[in-house]
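Colleague: Dropping the sequence and predicted coords here.
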Amino acid sequence: MRTVLSEQHSIANQFIAELRSAAIQKDRMRFRRNLERMGEILGYELSKSLAFKSIEVETPLGLSYVDVPADRLVLATILRAGIPFHQGLLNYFDQADNTFVSAYRRQHKDGSFDIQMEYVSSCDLNDAVLVLADPMLATGASVNLTLKHLERFGTPKAIHITAVIASTAGLEAVARQYPQAHLWLGAVDEELTGKAYIVPGLGDAGDLAFGDKF
């Protein structure tokens, strides 16, 4: 299953436009804030699909019964571009546990690449609702490898994947490996270059948020 925000009119389109804009994205603070905003909006939309339970709340004037999320959430992020995006999700799911994964592309001389996993810090995932945040879902290799590595920390009851921009090819790759996952996306682009960059995309989210890599 997938939900794509750009398929409907909402303020999310304004933030996606600013993230894509070569002129506006030069402002790193604004770029990070827009990633954070997209995390908030996608988190809100995702929250509608969660299981809820009723709790009793005592107000100054009496009792109120409110439906709140019932499951334990774990927010997982692929560093480094995922940091502001993760913060947006955490702004809304502020009681969630957190998992962090360090992964990067290792380029080969022939132009191909593989994904290297350097560091994983995770809580117990058994029976949790896992929400994986990766701003750019290009080939899907990073997402698939991350989820594979996280299997040793337990079996979540549900998997949600959030991305600001995804490629069609990447979505198909993830769906083949994790057909049960629900994908929450800002927009989907059709083209993926030979070097696995999404077109039109928005560029390198990590560099735009935090500066060029050395």
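Modeller: Cool, got the structure.
Colleague: Spell out, range by range, the helices that occur in the protein.
Modeller: 12-20, 28-47, 82-92, 141-150, 168-177, 205-210 (DSSP state H).
Colleague: Comparing those, which comes out most buried?
Modeller: helix 82-92 (a mean of 23; mean count of other Cβ atoms under 10 Å). Quick note: C-beta positions are derived from backbone N, CA and C, even for glycine.
Colleague: for the residue nearest the centre of the chain, what are its contacts?
Modeller: Centroid check for the chain by Cα atoms, centre = their mean gives Ala133 as the closest residue, at 2.2 Å. Neighbouring residues of Ala133 by Cβ atoms under 8 Å, 6 or more residues apart in numbering: 39, 75-78, 82, 85-86, 89, 162-163.
Colleague: Quick check: of those, which lies closest to Pro156?
Modeller: Ranked by distance to Pro156 (Cβ to Cβ), the contacts of Ala133 are led by Ala76 at 9.6 Å.
Colleague: any idea how far the nearest residue to the closest one once chain neighbours are set aside is from Ala141?
Modeller: Nearest non-adjacent residue to Ala76, counting by Cβ to Cβ, 6 or more residues apart in numbering: Thr99, 3.9 Å away. Here the criterion is Cβ to Cβ, to the nearest Å. By it, Thr99 lies 19 Å from Ala141.
Colleague: and if you look at Met1?
Modeller: In terms of Cβ to Cβ, Met1 sits 21 Å off from Ala141.
Colleague: ditto for Lys157
Modeller: Separation of Lys157 from Ala141 (Cβ to Cβ): 25 Å.
Colleague: What pLDDT is listed against Ala196?
Modeller: What the model reports as pLDDT for Ala196 is 83.
Colleague: And it, its phi and psi?
Modeller: phi 70, psi 40 (degrees, to the nearest 10).
Colleague: ditto for the one 4 residues further on
Modeller: The phi/psi pair for Pro200 (degrees, to the nearest 10) reads phi -70, psi -20.
Colleague: That one against Leu19, yeah?
Modeller: No: between Pro200 and Leu19 there is no contact under Cβ atoms under 8 Å: 11.3 Å.
Colleague: Of the contacts of Ala133, which is the nearest to Ser49?
Modeller: Nearest member of these to Ser49, counting by Cβ to Cβ, is Thr162, at 12.1 Å.
Colleague: which residues does the closest one contact?
Modeller: 39, 42-43, 46, 85, 89, 131-134, 183-185.
Colleague: can you check Thr3 too?
Modeller: Thr3 sits in contact with 45, 182-185, where contact means Cβ under 8 Å, 6+ apart.
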